[in-house]
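Enquirer: Quick one, what's the 3D model for this:
(one chain, ligands or ions: 1)
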Amino acid sequence: MIEIKGFLEISFSDWQGKICSVLFLPRCNFRCPYCHNHSLIFHPEQYATIPLEDILVRLCSSRNWIDGVCLTGGEPTLHTDLPLLVRKIKRRGFLVKLDTNGSNPLMLENLVERGEVDFVSMDVKAPLTPFSYSRYIGLAVNLKPILDSIEILKRRKVEYEFRMTVVPGLHSEEDIRTLAKHLRVGQRFILQNFNPENPLDPSLRNVVPYDSKALKKIEKEVQEMM
Ligand code: SF4
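Expert: Okay, the predicted model is just below:
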């Protein structure tokens, strides 16, 4: 079974409009320079594995407080037994949100088609060209799985959003507009500010994040382009 490396009992910010618990799953197949969860990717052994049975007991005891459970990482869909984990949580009556980088469309499609996830938040990293995407995820990329995942979500069989983490100096405003044009999803495109605390690429530590009001303004502009 998946090794769960982190458990946040109550979060008000990981699922808009819902109160949820959050499970952190290790490892990722991307190397985004701005990633601040990289110890979970490179050194998951640093974290104790939390027994699933203990988590399920704690979820059930929080039943009156939480609406659902957010599965995040790392990249949750790297784990072949993710669907089993999802079923165990749903069987106990909780909604499930999946955070993903979109690199496993087959698993995503199965979860969506079977109605096993209630919300999907897909990180989109850059304009949808191999050159841009590879630059922003720190690896050469095959874009097809990403494009397939985007299409799966746009069929609207599940509630979804696309999120882009915006790093000043790395992403230009033009990058944001280009990606918004590629996605054409209006308000489902959310901009997330860069967090300079402990990024994978240490040179980004000195980068000052966008002013939050300026970022909201750009977000509104690109959402209204559609
Ligand atoms: S930001 Fe997300 S997709 Fe990128 S390396 Fe970190 S966990 Fe993986």
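Enquirer: if I read this right, Asn104 contacts Ile146, doesn't it?
Expert: No - with contacts counted by C-beta atoms under 8 Å, Asn104 stays clear of Ile146, the gap being 10.2 Å. Every C-beta, even on glycine, is put in place using the N, C-alpha and C of the backbone.
Enquirer: List the buried residues in the longest helix along the chain.
Expert: Assignment by DSSP state H gives helix 212-224 as the longest helix of the chain. Residues 215, 218-219, 222-223 are the ones in helix 212-224 that count as buried (16 or more other C-beta atoms under 10 Å).
Enquirer: what do you get for stretch 35-42?
Expert: Those would be 35-38, 40-41, for stretch 35-42 by 16+ other C-beta under 10 Å.
Enquirer: Please apply the same query to stretch 82-91.
Expert: 82-83, 85-86, 88-90.
Enquirer: Kindly report the same for stretch 104-113.
Expert: Buried-residue list, stretch 104-113, by 16+ other C-beta under 10 Å: 104-105, 107-109, 111-112.
Enquirer: For it, which outside residues touch it?
Expert: 75, 77-78, 82-83, 86, 98, 100, 102, 116-117, 120, 145, 148-149, 152-153, 157-158 (C-beta atoms under 8 Å, 6 or more residues apart in numbering).
Enquirer: which residues of the protein fall in strands?
Expert: 6-11, 20-24, 68-72, 95-100, 119-123, 159-166, 189-193 (DSSP state E).
Enquirer: average model confidence for the second one?
Expert: Per-residue pLDDT over strand 20-24 has a mean of 98.
Enquirer: Test my guess that Pro196 contacts Arg205.
Expert: Yes - with contact defined as C-beta under 8 Å, Pro196 reaches Arg205; the gap is 5.6 Å.
Enquirer: And these two? Which one has more around it.
Expert: Using other C-beta atoms under 10 Å as the criterion, Pro196 and Arg205 rank with Pro196 on top: 16 against 10.
Enquirer: so what's the more buried one up against?
Expert: Per C-beta under 8 Å, 6+ apart, neighbours of Pro196: 204-209.
Enquirer: Of these, grab the buried ones for ChimeraX.
Expert: The buried residues among those can be selected in ChimeraX (16+ other C-beta under 10 Å) with this line:
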select :204,207
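Enquirer: any chance of the contacts of Pro196 in TSV, with pLDDT too?
Expert: Formatted as TSV, those follow (pLDDT from 0 to 100):
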residue	pLDDT
Leu204	94
Arg205	94
Asn206	93
Val207	94
Val208	95
Pro209	94
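Enquirer: Including distance to Val166, could the contacts of Pro196 go into CSV?
Expert: Converted to CSV, those look like this (distance: C-beta to C-beta, whole Å):
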residue, distance to Val166
Leu204, 12
Arg205, 17
Asn206, 17
Val207, 11
Val208, 12
Pro209, 8
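Enquirer: Distance check, Leu84 against the ligand.
Expert: Counting by C-beta to the nearest ligand atom, to the nearest Å, the gap from Leu84 to the ligand is 22 Å.
Enquirer: Verify the stated contact: that residue with Met1.
Expert: Yes - Leu84 is in contact with Met1 according to C-beta under 8 Å; the separation is 7.1 Å.
Enquirer: re the thing from before, show me which of the buried residues of stretch 35-42 is closest to the ligand.
Expert: Using C-beta to the nearest ligand atom, Cys35 comes nearest to the ligand of these, at 3.0 Å.
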